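Peer 1: okay, sequence plus prediction incoming.
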Amino acid sequence: MMFQRVFWAFKASISGFKHCRPVLTIDGTHMYGKYKGTLLVAMSCDANNQIFPVAFAVVESENGDSWPWFMACIRHFVTNRELCVISDRHGGIVRAMNEVGSNWEEPYAHHRLCIRHLASNVHTHFKDIHLKNLFVWTARQHQKKKFDGGFKKIGEMSRDARQFLANIPPEMWSLHHDGGYRYGTITSNLAEVFNSVMKNARYLPITALVQVSFYRVNAYFVNRRETSKLRLTQGHEYSPYITDLIEKNREKAKHHIVTPFDLGRGIFQVETGCGGSPVVCLRNKSHGCRIDLIC
């Protein structure tokens with residue numbers, strides 16, 4: 001009998017992922033040594049914006065069969081909820097995310113591209129670091145006027161680059177068009193970072209690799225549980241990441257002027273220090289600049 005594939009996900013990861021943002025970053029990396037193949041990983045992030053390992057697999061290679069199989073395993077063993085999946089442009093992933101009946105196609109899931117990978121593609125095609133940097137800036141913009149301005153400049157620098165990007169659905173790479181499904185995650189770095197953590201383990205037999213992944217994941221969870229317990233005893237309500245984010249937003253917003261329009265429906269106008277005046281609807285978690293609000 002010949003080994004082909006194996007999938008695994010730990011109970012603590014499956015249970016904990018229910019409380020994470022509905023975002024997965026996925027990636028694959030080669031195995032080394034005697035045992036060849038490819039390690040596939042699916043990662044999310046916790047309340048402190050740290051790596052949250054979700055699922056793993058060892059497959060024969062990244063291809064049009066192995067990626068759909070891996071994603072089907074996630075649906076069967078881990079979660080059926082609506083998710084955003086961030087990845088590179090590998091054909092196997094594209095196939096998995098568009099396969100009818102897989103529960104990974106819209107509206108059950110939303111495929112988004114890693115902006116860093118796409119920026120690398122732009123640089124490979126057009127050999128212009130300034131164009132690459134402009135693309136990254138444009139992709140990160142929430143406001144329509146800033147996105148439109150950046151996209152116009154891309155066209156002025158290179159018509160071919162503009163057409164290259166126009167051929168990719170904008171929601172795949174633009175935060176302005178994303179609809180909030182990314183929750184601000186723009187790259188698949190989380191998955192790549194964990195793959196780098198597992199680098200030495202990729203020389204091991206499959207059973208040893210699974211064991212190493214267990215101890216790494218366990219170490220993450222034990223450390224974070226103790227850190228969280230300590231913060232709670234100290235009277236902190238939120239994680240350090242969220243606390244810092246709230247403070248930064250509070251500092252940024254201290255010069256804003258808020259005018260209530262409809263308290264019952266939670267509609268306000270916010271005049272910013274930059275001259276903008278978007279209308280905010282708390283009920284719909286949205287406003288005129290299309291930056292989704294997280295409650």
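Peer 2: All right, it came through fine.
Peer 1: okay, now the residue nearest to residue 240 when sequence neighbours are not counted: neighbour count?
Peer 2: Among residues not flanking residue 240 along the chain, residue 48 sits closest, at 6.1 Å (C-beta to C-beta, 6 or more residues apart in numbering). For glycine as for every other residue, the C-beta is placed from the backbone atoms N, C-alpha and C. Other residues lying near residue 48 total 16 when counted by other C-beta atoms under 10 Å.
Peer 1: how many neighbours does residue 244 have?
Peer 2: 12.
Peer 1: again but with residue 72, I slipped
Peer 2: Counted with other C-beta under 10 Å, residue 72 comes out at 16.
Peer 1: contacts only, for it.
Peer 2: Contact partners of residue 72, counting by C-beta atoms under 8 Å, 6 or more residues apart in numbering, are 96, 102.
Peer 1: host element of it?
Peer 2: helix 66-77 (DSSP states H and E).
Peer 1: can you check residue 84 too?
Peer 2: strand 83-87.
Peer 1: and the helix or strand that that strand is followed by, what does it pack against?
Peer 2: Counting by DSSP H and E, the next helix or strand C-terminal to strand 83-87 is helix 91-98. Helices and strands touching helix 91-98, as assessed by 3 or more C-beta pairs under 8 Å, 6 or more residues apart in numbering; DSSP states H and E, comprise helix 66-77, strand 83-87, strand 109-113.
Peer 1: got CSV for the ones you listed, with mean pLDDT too?
Peer 2: Formatted as CSV, the helices and strands packed on helix 91-98 follow (pLDDT from 0 to 100):
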stretch, mean pLDDT
helix 66-77, 98
strand 83-87, 97
strand 109-113, 98
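Peer 1: adding distance to residue 167, write these out as CSV.
Peer 2: Listed next are the helices and strands packed on helix 91-98 as CSV, based on distance: least, C-beta to C-beta, whole Å:
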stretch, distance to residue 167
helix 66-77, 22
strand 83-87, 18
strand 109-113, 13
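Peer 1: tell me where the protein has strands.
Peer 2: 6-8, 23-30, 38-45, 51-59, 83-87, 109-113, 257-262, 267-271, 279-281, 286-287 (DSSP state E).
Peer 1: residue contacts, the most centrally placed residue in the chain?
Peer 2: Geometric centre of the chain, nearest residue: residue 185, 4.1 Å, by C-alpha atoms, centre = their mean. Counting by C-beta under 8 Å, 6+ apart, residue 185 touches 21, 23, 25, 45, 84, 86.
Peer 1: re earlier: Serialize the strands of the chain to a markdown table and add fields for distance to residue 144.
Peer 2: Below are the strands of the chain laid out as a markdown table (distance: least, C-beta to C-beta, whole Å):
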| stretch | distance to residue 144 |
| --- | --- |
| strand 6-8 | 42 |
| strand 23-30 | 23 |
| strand 38-45 | 28 |
| strand 51-59 | 32 |
| strand 83-87 | 21 |
| strand 109-113 | 19 |
| strand 257-262 | 21 |
| strand 267-271 | 17 |
| strand 279-281 | 14 |
| strand 286-287 | 12 |
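Peer 1: including mean neighbour count and distance to residue 70, could the ones you listed go into CSV?
Peer 2: Formatted as CSV, these follow (neighbours: other C-beta atoms under 10 Å; distance: least, C-beta to C-beta, whole Å):
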stretch, mean neighbour count, distance to residue 70
strand 6-8, 16, 7
strand 23-30, 23, 8
strand 38-45, 23, 5
strand 51-59, 24, 5
strand 83-87, 24, 11
strand 109-113, 23, 14
strand 257-262, 10, 47
strand 267-271, 16, 43
strand 279-281, 16, 38
strand 286-287, 18, 33
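Peer 1: between these, which gets nearest to residue 233?
Peer 2: strand 51-59 (23.1 Å; C-beta to C-beta).
Peer 1: next one: that closest one to chain centre, how far?
Peer 2: 15 Å (C-alpha atoms, centre = their mean, to the nearest Å).
Peer 1: now do stretch 110-121
Peer 2: 10 Å.
Peer 1: next: stretch 130-150.
Peer 2: 19 Å.
Peer 1: ok, now stretch 80-98?
Peer 2: Taking mean C-alpha positions (C-alpha atoms, centre = their mean), stretch 80-98 and its chain are 11 Å apart.
Peer 1: quick check: end-to-end length of it?
Peer 2: 16 Å (C-alpha to C-alpha, to the nearest Å).
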